[in-house]
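Participant: Sequence below, structure please.
(chains A and B)
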There are 2 protein chains.
Amino acid sequence: MNYVLGIDGGGSKTVCVLMDETRQVISRGKAGASNYQSIGVDAARQSIEFAIMAATDQAVNITKPIKITAICLGLAGIGRAEDIEVVKGLVQQLQNSELLPIKWALSASDIVICHDALIAMVGGIGNHVGIVAAAGTGSIVFGRNHQGVTKRVGGWGYILGDEGSAYKIAIAGVQAVLKAYDGTGMPTSLVDIFKAYLELSNLEALVELIYRRGWGVTEIAALAEIVDLAAALGDKVANQIIDDAVQYFVKATSTVIEQIFSDRPTLELVTTGSVWQGKSKMHEKYTASLVQQFPDVKVIFPKHEPAYGAGLLALQKLS
Amino acid sequence: MNYVLGIDGGGSKTVCVLMDETRQVISRGKAGASNYQSIGVDAARQSIEFAIMAATDQAVNITKPIKITAICLGLAGIGRAEDIEVVKGLVQQLQNSELLPIKWALSASDIVICHDALIAMVGGIGNHVGIVAAAGTGSIVFGRNHQGVTKRVGGWGYILGDEGSAYKIAIAGVQAVLKAYDGTGMPTSLVDIFKAYLELSNLEALVELIYRRGWGVTEIAALAEIVDLAAALGDKVANQIIDDAVQYFVKATSTVIEQIFSDRPTLELVTTGSVWQGKSKMHEKYTASLVQQFPDVKVIFPKHEPAYGAGLLALQKLS
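Facilitator: Numbering: from 1, shown residues only, chains lettered A, B, ... in the order given. I've put the predicted structure just below:
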């Protein structure tokens, strides 16, 4: 039996699945962050090694020896040719690890390295063709067609892009609060909801939280929940923010469809990320708007996790 | 003769003017940054001390002894009551400095501490009443009426506010480039202008510059110049960015006018910051739009620097 490793490496955790050639997940392991551009190559390699170890330690008790014939790593922030070389080097180093209870001698062509949107799409749909609309802390719309042609829109990060993401929804919510305070924006219940949720006595404290307490993108993105709640409760300003996010995703998705699915096949589109789980009907609005424009698109929630998608991409190397 | 010190403390430099009671500037000194929230109280105190020393060392050769009877410090990021207390303590410490060739024994009421928008307004207009529309790295519109009532709009910093600032114009320019690349935005000459100006081979390199080379707000804000240039050359997308900035400032300014100048007096408004110096007619567009709405408002460029405004505010303590 042939086995592969599928790895999902992100800014908060790394997941590894050990998969056999029948697409069966034998075992699964987790470890810390592995976005090497932020934490460095050594720390990333360690997290990936731990995740593989956690997955394979369980498995060797059931079936041994495990011979790994391919690996796919889907990593946040991977794109440039240099990145791919760095990660290939990292995998070569891991093959000499004495911690891992597996046998592998992979050639470069057995190592698949891609960005996290691709594995989220393949895992979410369970297929190599389709579209993912990811709206977590960041955002991206990414598709791959039957010919293997890919197209991405967005994914430019929190400074330059990420429209429709939890981060941008949160920022828009805080901005609406400040504009209401300044008198340049409409009154909104977001003012009281933010104050109550964050236990603030005044709005200066909100600004202090964000600038002086070293709040990062993740902490700010968590505030999207407040905007979502206010929208669900009927606040007009909050609903406008959600509608803007929906409109962005519809525009981004239609750009991907026009460009690589112009023959309009029946098509699955998976939505991933916390933003789609809200109470403000963002998912319903997005789906309704998209399906009206493209009746053959089926919008789904993920069938499997991204690491599973990485496993499927590794399996492709066997055929 | 009574003398006062006027101090303008910011994120890149500190300026001190020594002024006599006839509003005459006797001398002027400069030192490094003094925004204590970023660099710490000790470093800020040192910069302020150096700036005072640079100003007073020259002056003691002309006229001595110099007895300082009031001081005004206008500092970036000052707002909360805690900030004011910190800076008052800092001034008390400076009075014990053996480096400074001046005599002073100021009581708390002779120490004026305010934010940088107020001294920019007072210096820019040469008067305690009026409005400042500041558009440098950040942005704020701030006014004070004859009754001493103040109103500010914006000034919420680069994450939450600063619409119309160099930083936000730069970000909007880069976003327009990325949207053109993604296919979700209009084609724009900004793509080629950015590439040429930054000597980039491709757009990934632009993203790398901003995220991976540790570019801060100041470095990004400098790119506003490119957007301004493209707008001046007739690019539609760049002109839309400039027009959005103009519209923001008109809205912010009219909010200040409605709120504290509702009796519609003849009124001077000073524009400060690099953004107003561009080639894209942003200043002309803003002035035209504002004067149409409020014919009694006179839009001017600064008559004096902010430290001069701090001097005038200190002089008020003498009367």
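
Participant: When you work out contacts or count neighbours from here on, use the C-alpha atoms and nothing else.
Facilitator: Will do.

Participant: List the buried residues for stretch A:119-135?
Facilitator: A:119-126, A:128-135 (16 or more other Cα atoms under 10 Å in any protein chain shown).

Participant: Equivalent analysis for stretch A:82-102, please.
Facilitator: Neighbour count says stretch A:82-102 has A:Asp83, A:Ile84, A:Val87, A:Lys88, A:Leu90, A:Val91, A:Leu94, A:Gln95, A:Leu100, A:Pro101, A:Ile102 buried, by 16+ other Cα under 10 Å.

Participant: now the third one, nearest residue through space, not along the chain?
Facilitator: For A:Val87, ignoring the flanking residues on the chain, the nearest one in space by Cα to Cα, 6 or more residues apart in numbering or on different chains is A:Ile113 at 7.4 Å.

Participant: got it, and the second one?
Facilitator: Spatial nearest neighbour of A:Ile84, excluding adjacent residues (Cα to Cα, 6+ apart): A:Ile113 at 6.4 Å.

Participant: In three-state terms, label the one you found for me.
Facilitator: Of the three states, A:Ile113 takes strand under DSSP: H, G, I helix; E, B strand; the rest coil.

Participant: Provide a list of residues in contact with it.
Facilitator: A:Cys72, A:Leu73, A:Gly74, A:Leu75, A:Ile84, A:Val87, A:Lys88 (Cα atoms under 8 Å, 6 or more residues apart in numbering or on different chains).

Participant: Tell me how far the most far-flung residue of chain A relative to its centre lies from chain B.
Facilitator: Going by Cα atoms, centre = their mean, the residue of chain A most distant from its centre is A:Gly183, 37.0 Å out. Distance of A:Gly183 to chain B, given as Cα to the nearest Cα, to the nearest Å: 7 Å.

Participant: Now that residue: phi and psi?
Facilitator: For A:Gly183, the backbone dihedrals are phi 90, psi 10 (criterion: degrees, to the nearest 10).

Participant: do A:Arg23 as well
Facilitator: phi 70, psi 10.

Participant: Please apply the same query to A:Phe142.
Facilitator: phi -140, psi 140.

Participant: and the biggest helix by length in chain A, what does it pack onto?
Facilitator: Taking DSSP state H as the criterion, chain A has its longest helix at helix A:236-260. Here helix A:236-260 touches strand A:139-144, strand A:150-154, helix A:166-182, helix A:224-232, helix A:282-293, going by 3 or more Cα pairs under 8 Å, 6 or more residues apart in numbering or on different chains; DSSP states H and E.

Participant: got a markdown table for these, with mean neighbour count and mean pLDDT too?
Facilitator: What follows is the helices and strands packed on helix A:236-260, written out as a markdown table (neighbours: other Cα atoms under 10 Å in any protein chain shown; pLDDT from 0 to 100):
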| stretch | mean neighbour count | mean pLDDT |
| --- | --- | --- |
| strand A:139-144 | 26 | 96 |
| strand A:150-154 | 20 | 94 |
| helix A:166-182 | 23 | 94 |
| helix A:224-232 | 23 | 95 |
| helix A:282-293 | 16 | 96 |
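
Participant: got the residues of the stretch 201-319 of chain A near chain B?
Facilitator: Contact residues (Cα under 8 Å from any Cα of the partner chain) of the stretch 201-319 of chain A with chain B: A:Glu204, A:Val207, A:Lys251, A:Ala252, A:Thr255.

Participant: which ones are touching the last one?
Facilitator: Contact criterion Cα under 8 Å, 6+ apart gives A:Val153, B:Gly183, B:Thr184 as the residues in contact with A:Thr255.

Participant: what helix or strand does the last one sit in?
Facilitator: It stands for B:Thr184. Element membership for B:Thr184, per DSSP states H and E: none, as it lies in no helix or strand.

Participant: Now it: phi and psi?
Facilitator: The phi/psi pair for B:Thr184 (degrees, to the nearest 10) is phi -100, psi -10.

Participant: so how many other residues sit close to it?
Facilitator: When neighbours are defined as other Cα atoms under 10 Å in any protein chain shown, B:Thr184 has 19 of them.

Participant: I'd say it and A:Phe249 touch.
Facilitator: No - judged on Cα atoms under 8 Å, B:Thr184 makes no contact with A:Phe249 at a distance of 10.6 Å.

Participant: What values do phi and psi take at A:Pro302?
Facilitator: phi -60, psi 140.

Participant: Dump the buried residues of stretch A:82-102 into TSV; add pLDDT, distance to B:Thr56 and secondary structure as well.
Facilitator: Output for the buried residues of stretch A:82-102, formatted as TSV (pLDDT from 0 to 100; distance: Cα to Cα, whole Å; DSSP: H, G, I helix; E, B strand; the rest coil):
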residue	pLDDT	distance to B:Thr56	secondary structure
A:Asp83	83	56	helix
A:Ile84	87	59	helix
A:Val87	90	59	helix
A:Lys88	89	63	helix
A:Leu90	90	61	helix
A:Val91	91	64	helix
A:Leu94	90	65	helix
A:Gln95	88	69	coil
A:Leu100	83	70	coil
A:Pro101	81	74	coil
A:Ile102	83	75	coil
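
Participant: how about the longest strand along chain A: buried residues?
Facilitator: Ranked by number of residues, the top strand in chain A under DSSP state E is strand A:67-75. By neighbour count on 16+ other Cα under 10 Å, the buried set for strand A:67-75 is A:Ile68, A:Thr69, A:Ala70, A:Ile71, A:Cys72, A:Leu73, A:Gly74, A:Leu75.

Participant: So which elements touch that strand?
Facilitator: Using 3+ Cα pairs under 8 Å, 6+ apart: strand A:67-75 touches strand A:3-9, strand A:103-104, strand A:111-115, helix A:116-125, helix A:306-315.

Participant: Just put those in a markdown table and tack on mean pLDDT.
Facilitator: As requested, the helices and strands packed on strand A:67-75 are exported to a markdown table (pLDDT from 0 to 100):
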| stretch | mean pLDDT |
| --- | --- |
| strand A:3-9 | 95 |
| strand A:103-104 | 84 |
| strand A:111-115 | 92 |
| helix A:116-125 | 96 |
| helix A:306-315 | 96 |
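
Participant: between these, which one is nearest to B:Val141?
Facilitator: helix A:116-125 (41.8 Å; Cα to Cα).

Participant: That closest one to strand A:67-75, inter-axis angle?
Facilitator: Counting by axes from the mean of the first three to the mean of the last three Cα atoms, to 10 degrees, helix A:116-125 lies at 110 degrees to strand A:67-75.

Participant: so the longest strand of chain A versus helix A:306-315, what angle?
Facilitator: Using the same axes, to 10 degrees: strand A:67-75 against helix A:306-315 is 130 degrees.

Participant: and the nearest residue to A:Met186 once chain neighbours are set aside, how far is that from chain B?
Facilitator: Once flanking residues are discounted, A:Met186 sits nearest to A:Ala180: 5.5 Å by Cα to Cα, 6+ apart. Look at A:Ala180 and chain B: by Cα to the nearest Cα, they are 10 Å apart.
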